[in-house]
Structure formats: structure tokens, C-alpha cells
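Undergrad: how would this look folded up:
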Amino acid sequence: MTNKPTRTVIKDLDHFKTLAARPSGLECFMALKGGLRSGKHIDHDPASDEWYVFQEIDGVDLEYESTEAFKDEYPFLFEALEKGCLVMR
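TA: Model (predicted):
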């Protein structure tokens, strides 16, 4: 019998912001169809509301000046959050 690792689903935007604001940031992935994953490292600065995202799949760094800009430019991540498909590693 194998032990499956526990997965922490990110519950909502407030939970997401709290996790991403930790000094270590947030290591997470979007659970995709077919069991695929899209890994990310996300940092949030609550004082300035700036976001930094590193996409593991293509090595791209992204920066957003506000939560609203992040939502507007990366809507599928927030769709994953709403559907319970954004998971902490």
C-alpha cells in the first residue's frame, strides 16, 4: 500500500494571498485535465499588492503591479482557484 501525499487546495483569494505573502512564497500547481500539472512559484507583497510568478513549465517570470492586473492578465489561474484546482505543494 502506498501513501498518497496530502494536497492542500487553496480555498479562496484571501488564502492565496496569505500563502503567497510568506517569506518563502507559495509553491503550487494548477491541476489540469488528464492528471497534468502546471507548476508555479508565486510571491505576493501585501504592502504594494505586487505579484511575482515563476512558471516552471517554460521558465518565464511574470510580474503584476496589483491583484486586479494579475486577475486581468492571468485569468485562468484565478479560474483554477475558483474551481478548487489550485493546489499547494
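Undergrad: any residues touching stretch 33-52, and which ones?
TA: By C-beta atoms under 8 Å, 6 or more residues apart in numbering, the list of residues contacting stretch 33-52 from outside reads 17, 20-21, 25-32, 53-57, 61-67, 70, 77, 89. Every C-beta, even on glycine, is put in place using the N, C-alpha and C of the backbone.
Undergrad: Low-confidence ranges, the chain, go.
TA: Along the chain, segments meeting pLDDT under 70 span 1-5.
Undergrad: State the helix or strand in which the residue lying closest to residue 63 once chain neighbours are set aside lies.
TA: By the measure of C-beta to C-beta, 6 or more residues apart in numbering, the closest residue to residue 63 outside its immediate chain neighbours is residue 52, 5.5 Å from it. Element membership for residue 52 (DSSP states H and E) is strand 50-55.
Undergrad: Neighbouring strands - and their directions - for that strand?
TA: Here strand 50-55 is paired, per DSSP bridges, with strand 37-45 (antiparallel), strand 60-64 (antiparallel).
Undergrad: Tell me which of those strands is the most buried.
TA: strand 37-45 (a mean of 18; mean count of other C-beta atoms under 10 Å).
Undergrad: Relative to the whole chain's centre, how far out is it?
TA: 4 Å (C-alpha atoms, centre = their mean, to the nearest Å).
Undergrad: thinking again about what came up before, the strands paired with strand 50-55 into JSON lines, with extra columns for distance to residue 8?
TA: As requested, these are exported to JSON lines (distance: least, C-beta to C-beta, whole Å):
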{"stretch": "strand 37-45", "distance to residue 8": "14"}
{"stretch": "strand 60-64", "distance to residue 8": "23"}
